[in-house]
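Visitor: Here is a sequence together with a model predicted from it:
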Amino acid sequence: MRLGLAVYVAITTGVLAACSPPIPSTLEFVDQSPLQPRLGEITTLRFRAIDSRGEPQPGVRVTFEVQAPVSGIEINPPEAVTDVGSGIASTQVVAKGGRVSSVVVTARVGEKVAISPAVTFAGASSNSRQFTFQCGTVSGDGSGGVHAIGAYDSTRHLIAGVKVNCIAHVGDRNGDGISGAQVSFLTEAGTIGPSAVSVTDVVGNALVLYKTSLPLPDDVSPGTFSWTPLNDATHTGEYLAPLWMHPFAWVENPIADYDKEPTFHEPRRPDPIRPGKENNSRDNLVSMIAVTTGEEAFDDLNNNGVWDKDSNGNPEPYVDLTEPFVDNNDNGTWDGKERYVDANGNGKWDGKNGQYDAVTLIWVQERILWTGWPDELDVVSSSSRNTRPVIRALSPELPVALAKHDQIGAEFLVSDPWFNSMASNESADGCSAGAVGPVEVEALAKGAAFTYPAYTLMRYVIKDVRDPANTSGPSYPAPLNWKVKASCIFTASQIQGHKAEVAAPDVYGTIFP
């Protein structure tokens with residue numbers, strides 16, 4: 001006897017129902033990996049089915065969906081079957097857009113529902129606008145701001161091994177630090193060690209140690225500062241000198257022309273120790289670069305996370321980069337012997353390619369001064385070999401008539417032999433000591449330097465130290481002569497830096513009763 005169609009369907013349905021696993025008693029979220037996914041990365045979400053006995057339940061078909069629609073979010077697979085033994089079913093979520101996204105994923109079996117925590121996708125690839133490179137630490141770990149180190153003695157002899165830590169920070173276009181990024185470094189002079197490659201830490205910082213050593217910085221010709229440097233297909237638009245050197249205040253002889261109207265002409269002077277040699281401020285300005293893989297920066301005018309055209313059909317503005325190079329002569333473009341990175345492998349240095357690059361070598365420049373301290377020949381203005389001294393007394397007028405128990409301020413200018421402020425990297429740097437007579441010298445200004453103009457204005461105070469309440473002290477002749485030759489200390493670097501000592505111009509006078 002043949003079975004009717006209705007009977008057949010009823011039997012088949014009963015068999016399938018008998019074979020299907022029962023609805024789990026509990027459906028729960030297990031975990032997410034990785035916990036902080038980046039844009040474009042895949043994160044895995046796992047859910048577990050639990051039966052009525054509290055045991056993992058295998059063979060349960062779980063469907064996945066986002067709690068609310070989110071642009072650029074994909075779930076794959078949309079359904080999965082729980083494993084034998086663990087009772088776990090997993091799915092993967094990826095954010096393909098270029099914008100920060102957050103999504104909540106729902107797992108469902110019949111009426112049983114489990115909800116994941118919010119999964120936030122942040123960050124993208126390294127961005128040239130968020131790539132920084134600075135030396136020294138002035139405001140806590142990872143900060144920068146040390147712009148000079150003491151590299152020469154008074155004879156212009158190199159002091160090798162003067163050290164400073166340098167930090168490259170890699171971030172994405174949203175400002176999130178990128179960990180695990182490989183950063184390479186090149187320098188004009190000295191060494192970056194222990195290797196020229198470092199990897200960023202959890203906050204996106206890559207730390208390297210920079211040291212003075214051969215080769216020496218390139219000897220460059222004096223230039224003229226401009227607020228509008230050339231910025232075209234082969235020029236980066238960098239200033240001739242960093243603003244912390246105060247190039248906007250340059251004059252050719254900054255000590256003699258103190259407080260004169262700037263000409264923007266780079267300071268320069270004949271070297272009294274090396275006949276025929278002209279010293280200028282950028283002779284010891286060392287260029288360094290940090291290089292990593294990333295995207296050129298752009299203005300996301302329509303906020304869709306990718307470089308494209310705006311609502312008017314115009315390409316969004318972007319920063320076109322040249323191939324990375326070490327700018328030894330500070331002219332903003334590559335010249336014959338300067339080191340570079342051949343990003344496209346064509347065997348030559350290339351400027352800007354005129355198109356936006358989502359994946360390329362991005363790079364950033366840092367510059368640091370090597371300074372020295374003046375020799376006696378740099379100071380003595382009466383010498384025919386020294387036509388531009390590097391020290392000049394400003395005040396007070398000599399001799400000084402100092403009233404009893406009074407004090408007076410003294411000021412002078414000092415620069416290194418190249419017309420740069422001397423490296424000053426410790427809070428105690430300043431002028432003190434050196435008094436003859438009942439006076440003392442006290443530094444009026446102490447501390448590390450943050451900028452490096454062509455000279456430093458040094459200040460200190462001379463005080464009559466006799467106690468006005470002491471009537472039984474020794475009887476001094478009247479008027480009483482005194483003399484001060486203050487000693488000023490400059491620390492070469494933050495890391496075991498040596499101390500350079502410079503004598504201030506003599507100050508002398510009398511104290512009247």
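Guide: Looks like it arrived, so ask away. Numbering: from 1, shown residues only.
Visitor: Now do the contacts for Pro438.
Guide: If you count contacts by CB atoms under 8 Å, 6 or more residues apart in numbering, Pro438 has them with Asp464, Val465, Arg466, Tyr476, Leu480, Trp482, Ile511. Any C-beta I mention is one placed from the backbone N, CA and C, and that applies to glycine too.
Visitor: would you turn those into a markdown table with neighbour count, pLDDT and secondary structure?
Guide: Output for the contacts of Pro438, formatted as a markdown table (neighbours: other CB atoms under 10 Å; pLDDT from 0 to 100; DSSP: H, G, I helix; E, B strand; the rest coil):
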| residue | neighbour count | pLDDT | secondary structure |
| --- | --- | --- | --- |
| Asp464 | 19 | 83 | strand |
| Val465 | 13 | 78 | coil |
| Arg466 | 16 | 72 | coil |
| Tyr476 | 14 | 61 | coil |
| Leu480 | 18 | 81 | strand |
| Trp482 | 20 | 86 | strand |
| Ile511 | 22 | 82 | strand |
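Visitor: mind putting these in CSV, distance to Ala124 included?
Guide: Shown next, in CSV, are those (distance: CB to CB, whole Å):
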residue, distance to Ala124
Asp464, 66
Val465, 64
Arg466, 70
Tyr476, 76
Leu480, 73
Trp482, 68
Ile511, 70
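Visitor: Tell me the one of those residues nearest Val60?
Guide: Among those, Val465 lies closest to Val60 (CB to CB), at 89.8 Å.
Visitor: and the closest one, how far is that from Gly434?
Guide: 14 Å (CB to CB, to the nearest Å).
Visitor: Now do the strands in the stretch 51-200 of the chain.
Guide: 61-66, 73-76, 79-81, 88-95, 101-103, 105-109, 112-115, 119-121, 132-135, 148-150, 163-169, 182-187, 191-193, 197-199 (DSSP state E, counting those that start in this stretch).
Visitor: With Met458 as the reference, name the closest of those strands.
Guide: strand 148-150 (16.0 Å).
Visitor: Direction included, what does the closest one pair against?
Guide: strand 360-371 (parallel) (DSSP bridges).
Visitor: Tell me which residues are up against the following helix or strand past the strand it pairs with.
Guide: Per DSSP states H and E, the first helix or strand lying C-terminal to strand 360-371 is helix 376-379. Where contact means CB under 8 Å, 6+ apart, the residues beyond helix 376-379 that reach it are Ser154, Pro272, Ile273, Ser383, Arg385, Asn386, Pro389, Val390, Ile391, Pro417.
Visitor: Repeat the analysis, applying 10 Å as the threshold.
Guide: 154-155, 269, 271-273, 279, 372, 383, 385-386, 388-392, 414-417, 502-503, 505 (CB atoms under 10 Å, 6 or more residues apart in numbering).
Visitor: Overlap in contacts, Val465 and Gly434.
Guide: Contacts common to Val465 and Gly434, judged by CB under 10 Å, 6+ apart, are Glu440.
Visitor: Out of the strands of the stretch 51-200 of the chain, which is closest to Cys488?
Guide: Closest among these, once you apply CB to CB, is strand 148-150, at 13.4 Å.
Visitor: distance between the ends of stretch 384-404?
Guide: Using CA to CA, to the nearest Å, one end of stretch 384-404 lies 41 Å from the other.
Visitor: Buried residues in that stretch, which are they?
Guide: Across stretch 384-404, burial judged by 16 or more other CB atoms under 10 Å covers Asn386, Arg388, Pro389, Val390, Ile391, Arg392, Pro396, Val400, Leu402.
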